[in-house]
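J.: sequence below, structure please.
(chains A, B and C)
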Amino acid sequence: MSAAFDLAIVGAGPAGMAAAVAARSHGLTVAVFDENAAPGGQIYRGIESLIAERISHLRILGPEYAAGLDLVKRFRASGAHYEPLAQVWQIDAERNLYVRTPAGARRVAARQVLLAAGAMERAVPVPGWTLPRVMTCGAAQTLLKSAALVPRGRIVLAGSGPLLLLIASQFLRAGVKPAAVLETRTHAWRALPHLWQFAMAPDYFAKGLALIGALRRAGVSYRRGVSELRITGDDHAEGVEYCWRGAAYREAVDLVLLHQGVVPNGNLAWSLRCAHEWHDAQSSFRPVLDAWGNTSVAGVMVAGDGGGIVGARGAECTGQLAGLAAAREAGRINAAECDDRAAPVRRELKTHLAVRPFLDALYRPPQEMIAPRAPETIVCRCEEIRAGEIRKIVTEQSCPGPNQMKSFTRCGMGPCQGRLCGLTVVELIAECRGISPGEVGYYRIRSPVKPVTLGEIANLDA
Amino acid sequence: MYRRLPDAGGATVAVTINGKPFGAPAGASVAAAVLLAGETVTRTTPVSNSPRAPYCMMGVCFECLMEIDGVPNQQACLIPVAAGMRINRQLGKVEIKI
Amino acid sequence: MAKFTSHVLHFSLAPRRSPLLMPHYDSIVIGGGLVGSAVAYGLARRGLKVALLDEGDVAFRASRGNFGLVWVQSKGLGVPEYQRWTRQSSVLWDDFAVELKNESGIDCQHEHRGGVHICITEQDFAERRKYMEQLHLESGETRFEYEMLDHAQLKKLMPEIGPEVAGASYTPYDGAANPLYLLRSLHSAFLKRGGEYFPHSKVTALKAAPHDFTVTAGGATFNAPRLVLAAGLGNKPLGALVGLNVPVEPVKGQIFVTERVRPILSMLTIWVRQMAEGGLLIGESREEAGFNDATTPDVQQFLAARAIKMFPFLRDVRIVRHWGALRVMAPDGLPIYEQSAEYPGAFVATCHSGVTLAAAHALRYAEFVANGALPAEVARFSNRRFGVPTPA
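T.: Sure, this is the predicted structure:
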């Protein structure tokens, strides 16, 4: 095992890249591990190849995507040791990272660790969501960004959140016309108190209206306030059913794209036993962090959406703050210098966070998608455990929580380790017991957070 | 089901998907190539042999598990295609031959 | 809104603790793990009214970290009573599994086809042979029979065995169950027999008098003439409240579980077993690490290397989870079964083989508690063997 890095970063999205640049500018040795083939995370996925091979597609993806190139270039130039296709499956008590790459698995020592693994889409458990030809909106974006693929046929987008309209407009610019955009009920009343913050980001409002206008002009059926969504089909998705304005609808589909916002992709932080709290505004758990991103575990920081959803620009800011904090911790700058350099970043972060309470309130997922009512809805996709069984065990056996639920049903024991079922299970238990999800708690997440072979473990030091 | 946008450019890489040869876009993930090739299903579940396909395309859902070059249960959305790759559906549980 | 209300209503039909009334039970059992739920079920099935008190969702809970063996061949060297008690449980298990399935609808996947203790080196093999022979000599009329299998003989039974493995010991007495389904099954059967289960109920106060125990837990109070301490490591502080010395300490064990694999393992073995759903369990360490169930990289490597040596095919199998759990260990590794002399009616039951002894706990130990006396058969497990503890 070679010498320890001053800072090891998991994730080369905006937070990880910004932290690497900041830490490197203060002379720290930095390693960045990312499981994808190129830097950019989800938001700037594939940006280098896209610009090199098909720059005309930038106009499809929009200016916010293009803006990522500058950060990626600075990251490449920073001198950080960057490894793509590298999965960190474990971090031990001494802050060694256990990394597997196509070349093999090894242990990497670090004095400080930054988890910048970002966000993932919230699961959208509706009946039929496990059928082939049902994906997340983000998945469609990934195909578009990284492989220039667009779907054909009758495409229905369903859910809510800014990404729903964004992908719809990206499709239109790519010459793909979705058959319908079905938006679940938004919470205008709940969002109203935050409207004044929205006023601080006026172009957001304008952008939203423009997207809706574009959809309407293209003749895309755009319905707001749908409920009781279900996907039908035998071997793959063939239809959607839903209620809208008191009537039931049924349509044929070739592809369903779901979205209900994003949540932290936090299994590494959980596996380290970082303290977490329930973040009600975003209906998810997040690690407890100080103003620099330090977790409750010494030497472990979190930046970006993994610490609570802040968006791409917000992620960059939190990454910079973490990089500065790492530099201070490593003795390259003192506390006063650190605060000084952080001040403009904090101001910028504040502007990016301004619109969040409004968005979070407006797009809060409907309860029926948070805690599915239809008992046949699969909650744990890996182990195929359904909502009805989970509710039954809570009410009939007074199951104390998600870990006992896991023991009793295998829910959460599959390869995804609760990434897609964890929040739903917590919410079902919370609803059945009439308590808050924070009181319910979460799965005990253990390493490996990604599967690793026994041979890779045995040969770590080879 | 999927098509490549015009001016996508780039080379193709010869792979085999479920026994059929396919020219995958260079740099694409195995999962993307499989979808472009018109395959609906990446795996059948070990619990009930139900058909599944990529859901998240970013490595968290584990629905895109496929057998790649003889190695089972690989997350196809995280692996770039390579020339000569043999890509097969993951049928239920891993099979081990002694 | 209506739908939400109906869920709340449904939950309130389940037994609720009332802070105002103090319900009376025939027995209180503290601890909802494998020992507690087995004893509680055993009492309920005898018609007693039982309150089973359990902690919250996140607790050490040895029962959720278990390997699940019903293991006989390594028990009780020098203590034939333990061999006999274990063997008895393994025999009772056959009908017990059927009974639980009928009562709860849950199959705890009990198998009883014998087991293999793998000896990797020739020295391991020689030592094991001596061990098994000694158990045989001590077994008297219970007749402990075993076979030592050299590499060639073992390979006939298990073609997947690694080339470097010296051999193994085999007995037909060993078996296994799914420990998680067993726990679920016990809980379900307990409820169906009229038992009342109270989670999130850690004991905060205990008032003891002979055959009269009042327990405050989770904001409610319970009274019964019988009290069973089955709280694992928690038995030590609880025991002190009823005049019972329970010198148990945590001994950590780490285990892996793999991705689901088609049936490959020919036999049940002490350190590697294949569950019905296909995943392989790989264990197991024994560490004195205090009240710490964290997994560690050194043990991780050790377990992986040993597993590959025993079964080379495991080299390419993926592990999905690695966990640690704390065994409840008496200084001599034997169970502790005792009734308080100062407060008769208060019993303790603790062991580190909650699955193996589940049948004995449900069908025999519960009977002892119901009748208020521990027979000579389990006298060897009395805490008197530890002498009188020095006051703190």
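J.: the nearest residue to C:Glu81 once chain neighbours are set aside: what secondary structure?
T.: Closest residue to C:Glu81 apart from its sequence neighbours, by CB to CB, 6 or more residues apart in numbering or on different chains: C:Arg380 at 4.0 Å. The way it works is simple: take the backbone N, C-alpha and C, and place the C-beta from them, glycine included. Following DSSP: H, G, I helix; E, B strand; the rest coil, we place C:Arg380 in the helix state.
J.: what does chain C have sitting close to chain B?
T.: C:159-160, C:259-262, C:264, C:277-278, C:313, C:316-318 (CB under 8 Å from any CB of the partner chain).
J.: just the buried residues out of the residues you listed, in ChimeraX syntax.
T.: Per 16 or more other CB atoms under 10 Å in any protein chain shown, the buried members of those correspond to this ChimeraX selection:
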select /C:160,259,260,261,264,278,313,316,317,318
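J.: quick check: pLDDT value at the residue nearest to C:Glu81.
T.: With respect to pLDDT, C:Arg380 scores 97.
J.: pretty sure it sits against C:Leu334.
T.: Yes: using CB atoms under 8 Å, C:Arg380 is in contact with C:Leu334, at 7.3 Å.
J.: which phi and psi does A:Ala325 have?
T.: phi -60, psi -40 (degrees, to the nearest 10).
J.: in stretch A:307-327, what counts as buried?
T.: For stretch A:307-327, by 16+ other CB under 10 Å, it's A:307-327.
J.: ok, and which of those residues reach chain C?
T.: Counting by CB under 8 Å from any CB, nothing from the buried residues of stretch A:307-327 sits close to chain C.
J.: sorry, back to before: compare C:Arg380 and C:Leu334 (neighbour count), which wins?
T.: Ranked by neighbour count (other CB atoms under 10 Å in any protein chain shown), C:Arg380 and C:Leu334 place C:Leu334 first, with 20 against 17.
J.: from chain B, how far out is that one?
T.: 39 Å (CB to the nearest CB, to the nearest Å).
J.: wasn't that residue part of a strand?
T.: No: going by three-state DSSP, the assignment for C:Leu334 is coil, not a strand.
J.: surely it meets C:Gly78?
T.: No: C:Leu334 is not in contact with C:Gly78 according to CB under 8 Å; the separation is 10.2 Å.
J.: closest residue of the stretch 351-462 of chain A to chain C?
T.: Per CB to the nearest CB, A:Gly401 is where the stretch 351-462 of chain A lies closest to chain C, at 2.4 Å.
J.: residue contacts, that residue?
T.: Going by CB atoms under 8 Å, 6 or more residues apart in numbering or on different chains, A:Gly401 touches A:429, A:440-441, C:56-58.
J.: C:Gly324 now?
T.: Counted by CB under 8 Å, 6+ apart, C:Gly324 has contacts C:65, C:252-255, C:292-296.
J.: how about the nearest residue to the residue of the stretch 351-462 of chain A closest to chain C, chain neighbours excluded?
T.: C:Asp57 is the one closest to A:Gly401 (CB to CB, 6+ apart), at 2.4 Å.
J.: what does A:Tyr65 give?
T.: Nearest to A:Tyr65 is A:Tyr44, by CB to CB, 6+ apart, at 6.5 Å.
J.: count the residues that sit near that neighbour.
T.: 26.
J.: repeat that for A:Gly388.
T.: 16.
J.: okay, it: pLDDT?
T.: Per the predicted model, pLDDT is 98 at A:Gly388.
J.: and it, helix, strand or coil?
T.: helix.
J.: just checking, it touches A:Ile378?
T.: No: the criterion here is CB under 8 Å, and A:Gly388 misses it with A:Ile378 at 10.4 Å.
J.: ramachandran angles for the residue of the stretch 351-462 of chain A closest to chain C?
T.: phi 180, psi -170.
J.: tell me where chain B has helices.
T.: B:30-36 (DSSP state H).
J.: one step back: quick one, what contacts the residue nearest to C:Glu81?
T.: Counted by CB under 8 Å, 6+ apart, C:Arg380 has contacts C:79, C:81-82, C:334.
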